[in-house]
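Student: structure here, sequence nowhere to be found:
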Ligand SMILES: CC(C)(COP(=O)(O)OP(=O)(O)OC[C@H]1O[C@@H](n2cnc3c(N)ncnc32)[C@H](O)[C@@H]1O)[C@@H](O)C(=O)NCCC(=O)NCCS
Ligand SMILES: Nc1ncnc2c1ncn2[C@@H]1O[C@H](COP(=O)(O)OP(=O)(O)OP(=O)(O)O)[C@@H](O)[C@H]1O
C-alpha cells in the first residue's frame with residue numbers, strides 16, 4: 001500500500017487538494033477530522049482536555065468550545081504544547097485505525113492529510129510527501145478571509161506551525177498554490193500521474209493483496225516441504 005503524506009500550512013490549500021484526490025477516487029484520511037472526533041463530548045480526548053483546562057472550556061451543550069480553546073492555544077506556546085501532548089495518542093491511534101480500515105478494504109493507494117506531519121514526526125510513515133506551499137502573504141490573506149480572523153490571530157496560527165519554507169525543503173513533491181484554482185488543477189494532474197505510478201515491491205507487500213500473496217506463498221511452501229519430507 002502506498003501512503004501519500006499531504007501536508008502544508010494552515011490555509012495553504014490542503015483540503016482543496018484533498019478534495020481533488022477524493023474526486024479522483026483516492027481515499028483520504030483527514031487528521032483534522034480525526035482530531036475533531038477525539039474531542040467530541042464523552043470521548044477520551046474530551047475527558048483529558050477537561051481535566052487539564054477545566055469545565056470553563058465547555059459550551060452549555062458540554063461540547064468543547066473550539067474557538068475559545070483555539071484562542072488559548074494559538075496565543076501561548078506552552079498551552080498549545082500541553083494540548084498537543086494530551087491529544088497526540090488519541091490522534092495517532094485514530095489515524096492508524098483509519099489507515100487500517102482502508103487496508104482492509106484493499107486500498108493500494110491512500111492519501112493522509114496531516115497539517116502537522118513533520119511536527120509530529122509522522123513523515124517517516126508516508127512516501128511520497130506532498131507539500132502544498134503558499135507565500136506567507138497569500139496564506140494570511142486566505143486565512144483571514146476564510147475564518148474571519150484578525151491579522152494578529154491569523155499570524156499567531158501561522159507562527160504556531162513549522163515554516164512552510166522548511167516544510168517545502170522536506171517535500172518529495174511541491175504544489176505551489178499562490179495562483180488561481182486553474183493553476184492548482186494543472187499541477188494536481190501532474191501530481192496524480194506521479195503518485196499513480198506502479199507500486200514498488202515494498203508497497204505491494206504492504207497492501208492487503210501483497211499480505212495475502214505472502215500467506216499463500218508460505219502455505220504452499222509448507223505444503224511442498226511436507227510433501228517432500230513424506231516422500232523421502
Ligand atoms: C485548537 C482547536 C480546538 C481549534 O479548533 P478549530 O476548529 O478552530 O480549528 P481546526 O481544528 O479546524 O484546525 C484548523 C487548522 O489549525 C491548525 N492546527 C490545529 N491544531 C494545531 C496545533 N496544535 N498546532 C499547530 N497548528 C494547529 C491546522 O493547520 C488545522 O488544519 C483544534 O485545532 C485542536 O483540537 N487542535 C489540536 C489537535 C491537533 O493537533 N490537530 C491537528 C491535526 S494533526
Ligand atoms: N488556488 C486557490 N485560489 C483561491 N483560493 C484558494 C485556492 N486554494 C485554496 N483557496 C481557499 O483558501 C482557503 C484555505 O484553503 P483550505 O481550506 O483548502 O486550506 P487548508 O490547508 O486545508 O487549511 P487548514 O489547515 O485550516 O485545514 C479556503 O477558503 C480555500 O477555498
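Tutor: That came through, no problem. A quick note: this is a predicted structure, and the numbers were derived from the prediction, not measured. Ligands and ions are numbered 1, 2, ... in the order given.
Student: now do the end-to-end distance for stretch 29-48.
Tutor: By C-alpha to C-alpha, to the nearest Å, the extent of stretch 29-48 from end to end equals 24 Å.
Student: buried set for that stretch?
Tutor: 29-31, 34-35, 38-39, 45-46, 48 (16 or more other C-beta atoms under 10 Å). For glycine as for every other residue, the C-beta is placed from the backbone atoms N, C-alpha and C.
Student: which one of those sits closest to residue 133?
Tutor: Lowest distance from residue 133 to the buried residues of stretch 29-48 (C-beta to C-beta) belongs to residue 31, with 18.5 Å.
Student: that older thread, which members of the buried residues of stretch 29-48 are the farthest-apart pair?
Tutor: Greatest spatial distance in these: 29 and 48, 22.5 Å, computed using C-beta to C-beta.
Student: residues touching residue 181, list them.
Tutor: residue 16 (C-beta atoms under 8 Å, 6 or more residues apart in numbering).
Student: actually, residue 15.
Tutor: Counting by C-beta under 8 Å, 6+ apart, residue 15 has contacts 30, 32, 113.
Student: could you redo the last one with a cut-off of 10 Å?
Tutor: Neighbour list for residue 15: 6, 8, 28, 30, 32, 113, 115, 132 [criterion: C-beta atoms under 10 Å, 6 or more residues apart in numbering].
Student: poorly predicted segments of this structure, please.
Tutor: Across the chain, the ranges flagged by pLDDT under 70 are 230-232.
Student: from the contact counts, what lies against the lengthiest helix in it?
Tutor: Taking DSSP state H as the criterion, the chain has its longest helix at helix 77-104. Helices and strands touching helix 77-104, by 3 or more C-beta pairs under 10 Å, 6 or more residues apart in numbering; DSSP states H and E, are strand 2-8, strand 28-30, helix 31-37, helix 44-53, helix 66-73, strand 109-113, helix 208-231.
Student: one more time with 8 Å, if that's ok
Tutor: Judged by 3 or more C-beta pairs under 8 Å, 6 or more residues apart in numbering; DSSP states H and E, the packing partners of helix 77-104 are strand 28-30, helix 31-37, helix 44-53, helix 66-73, strand 109-113.
Student: got the phi and psi for residue 21?
Tutor: phi -60, psi -50 (degrees, to the nearest 10).
Student: okay then, goodbye and thanks.
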